[in-house]
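Trainee: Fold the following, please.
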Amino acid sequence: MTIFCKAAMAAFLSLIISLIPFTARTEVDWEVSGAVQLAETPIDVARAQTGDLAFILTDKAEVLIYSIDGKQVGTVQVEPSVTDIAISSKGDQLLLIDSKRKTLKTVDIHLIVEFNLDGSPFLGPSDAGIVVAVFSDFQ
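Mentor: Below you'll find the model as predicted:
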């Protein structure tokens with residue numbers, strides 16, 4: 001077969017295949033995996049790629065931060081004109097979009113975790129502050 005014949009045969013088969021009606025049926029399997037009752041009306045929501053935090057912009061000019069188990073772990077006060085939010089992939093920066101003022105603000109997020117150290121041995125003043133550094137990208 002010549003190259004011309006092969007090309008003509010391929011074009012003819014493509015035409016025939018395109019004329020055959022194909023039907024496909026798709027189903028969606030879904031279930032509610034969690035729910036949180038909010039006191040305010042939600043306007044926008046964003047979730048970090050890590051999946052451990054959800055950020056909810058409310059009509060009360062607040063961004064509520066929830067952990068994966070549905071517990072509120074923080075609140076960020078925002079300007080009433082903020083209309084949308086986004087979160088960085090690591091969940092450490094909150095992006096506030098103000099459509100009226102045409103601004104985008106970046107807010108660094110640092111969650112503060114309290115540890116109960118009562119009865120634990122210590123060296124130095126008992127009320128001294130501590131810093132725990134997490135190296136999450138260490139390989």
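Trainee: So for this structure, the centremost residue is which one?
Mentor: By Cα atoms, centre = their mean, the chain has its centre lying nearest to residue 47, at 1.8 Å.
Trainee: So that one sits against residue 53, correct?
Mentor: Yes: in this structure residue 47 lies within contact range of residue 53 using Cβ atoms under 8 Å: 7.1 Å. For the C-beta atoms, the positions are set from N, CA and C on the backbone; glycine is no exception.
Trainee: Mind listing the shared neighbours of those two?
Mentor: residue 87 (Cβ atoms under 8 Å, 6 or more residues apart in numbering).
Trainee: Spell out the residue ranges of the strands in the protein.
Mentor: 42-47, 53-58, 62-67, 72-77, 84-87, 93-98, 103-108 (DSSP state E).
Trainee: Now do the third one against strand 42-47, angle only.
Mentor: Pointing back at strand 62-67 there. With axes from the mean of the first three to the mean of the last three Cα atoms, to 10 degrees defining the directions, strand 62-67 sits at 40 degrees from strand 42-47.
Trainee: Next, the buried residues of strand 62-67.
Mentor: 63, 64, 65, 66 (16 or more other Cβ atoms under 10 Å).
Trainee: Could you measure from the second one over to residue 43?
Mentor: Residue 64 sits at a distance of 11 Å from residue 43 (criterion: Cβ to Cβ, to the nearest Å).
Trainee: Mind listing the shared neighbours of the two?
Mentor: In contact with both residue 64 and residue 43: residue 58, using Cβ under 8 Å, 6+ apart.
Trainee: Most widely separated two among the buried residues of strand 62-67?
Mentor: Within these, 63 and 66 form the most distant pair, 10.4 Å apart (Cβ to Cβ).
Trainee: Identify the contacts common to those two.
Mentor: 55, 56.
Trainee: per-residue pLDDT, the residue nearest to residue 67 when sequence neighbours are not counted?
Mentor: Among residues not flanking residue 67 along the chain, residue 73 sits closest, at 5.1 Å (Cβ to Cβ, 6 or more residues apart in numbering). Predicted confidence (pLDDT) for residue 73: 89.
Trainee: Near residue 73, how many other residues are there?
Mentor: Other residues within reach of residue 73, judged by other Cβ atoms under 10 Å, total 15.
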